[in-house]
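Student: Next come a sequence and a model predicted from it.
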Amino acid sequence: MNSLYIAGSWLAGQGERVESLNPVTQQVVWAGNGATVEQVESAVQAARQAFSAWARRPLEERISVLEAFANTLKKRADEIARCIGEETGKPLWESATEVTSMANKIAISVQSYRERTGEKSGPLGDASAVLRHKPHGVVAVFGPYNFPGHLPNGHIVPALLAGNTVLFKPSELTPKVAELTVQCWVEAGLPAGVLNLLQGARETGIALAANPGIDGLFFTGSSRTGNHLHQQFSGRPDKILALEMGGNNPLVVDEVADVDAAVYTIIQSAFISAGQRCTCARRLLVPQGAWGDALLARLVAVSSTIEIGAFDQQPTPFMGSVISLGAAKALMDAQALLLANGGVGLLEMTQPQAQAALLTPGIIDVSAVAERADEELFGPLLQVIRYTDFAAAIAEANNTQYGLAAGLLSDSEARYQQFWLESRAGIVNWNKQLTGAASTAPFGGVGASGNHRASAYYAADYCAYPVASLETPSLVVPATLTPGITLI
Ligand SMILES: NC(=O)C1=CN([C@@H]2O[C@H](COP(=O)(O)OP(=O)(O)OC[C@H]3O[C@@H](n4cnc5c(N)ncnc54)[C@H](O)[C@@H]3O)[C@@H](O)[C@H]2O)C=CC1
Ligand SMILES: O=C(O)CCC(=O)N[C@@H](CCC(=O)O)C(=O)O
């Protein structure tokens with residue numbers, strides 16, 4: 001099985017075995033071998049060799065290749081959506097939206113490149129002051145499993161557009177989506193060496209991150225891995241590191257008039273993608289008292305009717321599975337721990353079939369849990385915390401090391417203004433779900449959620465560095481000389 005794409009050729013990996021499984025049926029979707037340290041090195045060399053020609057290509061030519069890629073994605077959209085569903089368990093309606101986001105990324109990235117990293121010039125004395133941008137060189141892109149197409153694509157597209165060459169290390173849980181994506185780039189006519197695919201698990205990632213030949217690393221994944229990479233890159237200011245990591249996102253509910261609208265928005269925030277979005281609401285902050293009790297009763301009633309099923313089930317379910325049986329077990333264990341520590345199960349998450357990674361939505365009131373762990377539980381498990389007043393709600397919302405997304409459901413604009421000012425997160429929403437961020441906006445968090453290198457619309461910023469030039473076509477002696485210099 002030729003699992004790697006290096007220097008324009010598909011070749012067999014010589015590293016450890018990688019298999020992806022359909023999380024519901026446990027059937028093997030993809031099998032192959034990962035890249036060894038030597039294969040990583042040969043890919044880095046291929047990317048280095050391809051860099052100069054790719055960076056020197058006129059921008060419009062690079063854009064043409066990107067547009068051809070978007071067309072290929074559109075042509076193969078059903079096949080790719082099906083593959084995303086098979087590998088991640090995401091229902092087809094949702095995988096189709098992921099492919100659409102991938103294709104839409106091209107035009108958005110071109111606009112962002114021109115706006116944020118384009119060229120500017122103006123007169124300065126007898127010269128021109130010119131601002132241009134240059135690509136960093138050879139960059140590594142690490143992807144997570146939850147959006148195996150869209151999120152690596154959000155680094156790869158702007159990186160290539162800026163003139164970098166890329167080493168793509170996808171999640172070992174979703175190798176087939178990565179393979180199809182690279183096939184689309186090949187079909188689009190991307191020159192050899194410009195994009196290289198390095199399948200493999202942690203060991204391949206470690207080898208790539210440690211390779212001295214890379215000029216930068218763009219990462220989307222867990223805070224644990226991101227932190228590790230941050231430490232690894234300490235003392236290396238010459239390398240650009242962009243980290244998009246997880247969150248422990250709060251959604252504060254005020255006493256709103258439309259309870260059903262609140263319930264719908266909470267469900268879209270907590271349970272879409274089976275809770276496997278970095279932007280998902282993890283903590284729901286609800287006022288104490290009768291109104292809050294009624295909201296929770298309605299939330300539990302509606303959540304218990306959510307349709308769950310295999311990615312291709314018809315009629316289509318709202319929620320698919322989590323990524324693996326291992327992830328399902330870890331989530332069930334996390335729920336058991338919350339319950340053992342004083343959590344109250346308002347709607348206990350269940351795993352209806354032992355051999356399928358399908359979980360039903362869980363809602364646990366953790367208000368009485370003495371020491372709540374500040375961790376991201378990446379699945380359909382929502383923790384409820386009851387609050388006394390609005391100030392206490394904001395304090396609790398900020399009671400996290402993370403800072404990706406925070407939201408307020410409230411009929412009061414004044415309360416939103418206060419929430420916006422006092423909450424600490426890269427995404428702050430009012431009466432809208434926390435998930436489904438726009439690619440036309442910057443996307444990134446503060447605290448343990450990122451390192452101030454926002455992605456999506458701002459990805460252009462970390463894909464190129466600014467070069468400021470003072471320029472004039474001929475060298476002349478100025479009319480007035482600086483005191484103390486005489487040209488005799
Ligand atoms: N802020 C954001 O934009 C987003 C963040 N995420 C976060 O991603 C996580 C889920 O994705 P996962 O695939 O589980 O993340 P992960 O951190 O386990 O893996 C991400 C990538 O890093 C590689 N990797 C793992 N350990 C490594 C090491 N020591 N050195 C080098 N590479 C290594 C993996 O093979 C994979 O390619 C969640 O925490 C989620 O919140 C997901 C999507 C968006
Ligand atoms: O990267 C972009 O173009 C926009 C950000 C985005 O799509 N966010 C999604 C996914 C977040 C995740 O990976 O979990 C969202 O906000 O739902």
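Tutor: Sure, I can see it. Ligands and ions are numbered 1, 2, ... in the order given.

Student: Show me where the stretch 201-350 of the chain has its helices.
Tutor: Along the stretch 201-350 of the chain, the segments classed as helices by DSSP state H, counting those that start in this stretch run 202-210, 223-232, 259-270, 290-303, 325-340.

Student: Tell me which of the ones you listed approaches ligand 2 most closely.
Tutor: The closest of those to ligand 2 is helix 259-270. By CB to the nearest ligand atom, the value is 9.7 Å. Where C-beta positions appear, they are placed from N, C-alpha and C, glycine not excepted.

Student: Spell out which parts of this protein neighbour ligand 1.
Tutor: Counting by CB under 6 Å from any ligand atom, the chain comes close to ligand 1 at 142-147, 151, 169, 171-172, 201-202, 205-206, 209, 220-222, 225, 228, 244-246, 278, 376, 378, 404.

Student: And stretch 173-192, what's buried?
Tutor: Within stretch 173-192, the residues scored as buried using 16 or more other CB atoms under 10 Å are 173-186, 188, 190.

Student: Please work out how many residues are found near Gly13.
Tutor: Neighbours of Gly13 under the rule other CB atoms under 10 Å: 24.

Student: what do you get for His228?
Tutor: 14.

Student: and what of Gly149?
Tutor: 27.

Student: next one: Ser304
Tutor: Counted with other CB under 10 Å, Ser304 comes out at 12.

Student: out of everything not next to it in sequence, what's closest to it?
Tutor: Nearest residue to Ser304 in three dimensions, chain neighbours excluded: Leu347, at 5.8 Å (CB to CB, 6 or more residues apart in numbering).

Student: was I right about the one you found contacting Ile363?
Tutor: Yes: if you go by CB atoms under 8 Å, Leu347 and Ile363 touch, sitting 4.3 Å apart.

Student: which neighbours do the two share?
Tutor: Counting by CB atoms under 8 Å, 6 or more residues apart in numbering, the contacts common to Leu347 and Ile363 are 300, 303.

Student: And these two? Which one has more around it.
Tutor: Ile363 (24 against 17).

Student: Just confirm that one contacts Leu346, I think it does.
Tutor: Yes: Ile363 is within contact range of Leu346, at 4.4 Å (criterion: CB under 8 Å).

Student: Which residues are in contact with the residue nearest to Ser304?
Tutor: 300, 303-304, 361-363.

Student: What pLDDT does the model give Pro483?
Tutor: Note on Pro483: pLDDT of 96.

Student: ditto for Ala209
Tutor: For Ala209, the model assigns a pLDDT of 98.

Student: thinking it is in contact with Leu217, fair?
Tutor: Yes: counting by CB under 8 Å, Ala209 does reach Leu217; the two are 6.0 Å apart.

Student: what's the overlap in contacts for these two?
Tutor: 140, 142, 229.

Student: hang on, isn't the last one packed against Thr220?
Tutor: No: contact between Leu229 and Thr220 fails when scored by CB under 8 Å: they sit 11.4 Å apart.

Student: So those two - more neighbours on which side?
Tutor: Neighbours were counted for Leu229 and for Thr220 using other CB under 10 Å; Thr220 has more, 27 against 21.

Student: Would you enumerate the residues in contact with that one?
Tutor: 142-144, 151-152, 154-155, 244-245, 455.

Student: how about the helices in the stretch 351-488 of the chain?
Tutor: With DSSP H, counting those that start in this stretch as the criterion, the stretch 351-488 of the chain has helices spanning 390-397, 413-422, 459-463.

Student: Could you dump these into TSV and include distance to Ala50?
Tutor: Converted to TSV, these look like this (distance: least, CB to CB, whole Å):
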stretch	distance to Ala50
helix 390-397	47
helix 413-422	45
helix 459-463	16
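
Student: ranking the ones you listed by burial, who's on top?
Tutor: helix 459-463 (a mean of 26; mean count of other CB atoms under 10 Å).

Student: In contact with the residue of the stretch 51-200 of the chain found nearest ligand 1, which residues?
Tutor: Across the stretch 51-200 of the chain, the shortest distance to ligand 1 (CB to the nearest ligand atom) belongs to Pro144, at 3.1 Å. Each residue near Pro144 by CB under 8 Å, 6+ apart is listed here: 151, 171, 220-222.

Student: Tell me the spacing between the closest residue to it other than its chain neighbours and Phe142.
Tutor: Nearest non-adjacent residue to Pro144, counting by CB to CB, 6+ apart: Gly221, 4.5 Å away. Computed as CB to CB, to the nearest Å, the Gly221 to Phe142 distance reads 6 Å.

Student: out of these two, which sits in the more crowded spot?
Tutor: Between Gly221 and Phe142, counting by other CB under 10 Å, Phe142 is the more crowded of the two (25 against 21).

Student: so the more buried one touches Phe219, yeah?
Tutor: Yes: using CB under 8 Å, Phe142 is in contact with Phe219, at 4.5 Å.

Student: which residues do these two both contact?
Tutor: Thr225.

Student: Which residue would be the closest one in the stretch 101-250 of the chain to ligand 2?
Tutor: Gly154 (4.2 Å).

Student: does that residue count as helix, strand or coil?
Tutor: In three-state terms, and counting by DSSP: H, G, I helix; E, B strand; the rest coil, Gly154 is helix.

Student: how much space between the spatially closest residue to it that is not a sequence neighbour and ligand 2?
Tutor: Closest residue in space to Gly154, ignoring its immediate chain neighbours: Ser455 at 5.7 Å, by CB to CB, 6+ apart. As for Ser455, its distance to ligand 2 is 5 Å (criterion: CB to the nearest ligand atom, to the nearest Å).

Student: I figured Ser455 hits Gly445, correct?
Tutor: No: contact criterion CB under 8 Å: Ser455 and Gly445 do not qualify, at 10.2 Å.

Student: all strands of the stretch 101-250 of the chain, in order?
Tutor: Taking DSSP state E, counting those that start in this stretch as the test, the strands found in the stretch 101-250 of the chain are 120-124, 127-135, 138-142, 165-169, 195-197, 216-220, 240-244, 249-253.

Student: Which residues outside the first one are in contact with it?
Tutor: Spelled out, that is strand 120-124. Residues contacting strand 120-124 (CB under 8 Å, 6+ apart): 128-131, 470.

Student: ok, 10 Å please
Tutor: The contact list for strand 120-124, computed with CB atoms under 10 Å, 6 or more residues apart in numbering, reads 128-132, 466, 468-472.
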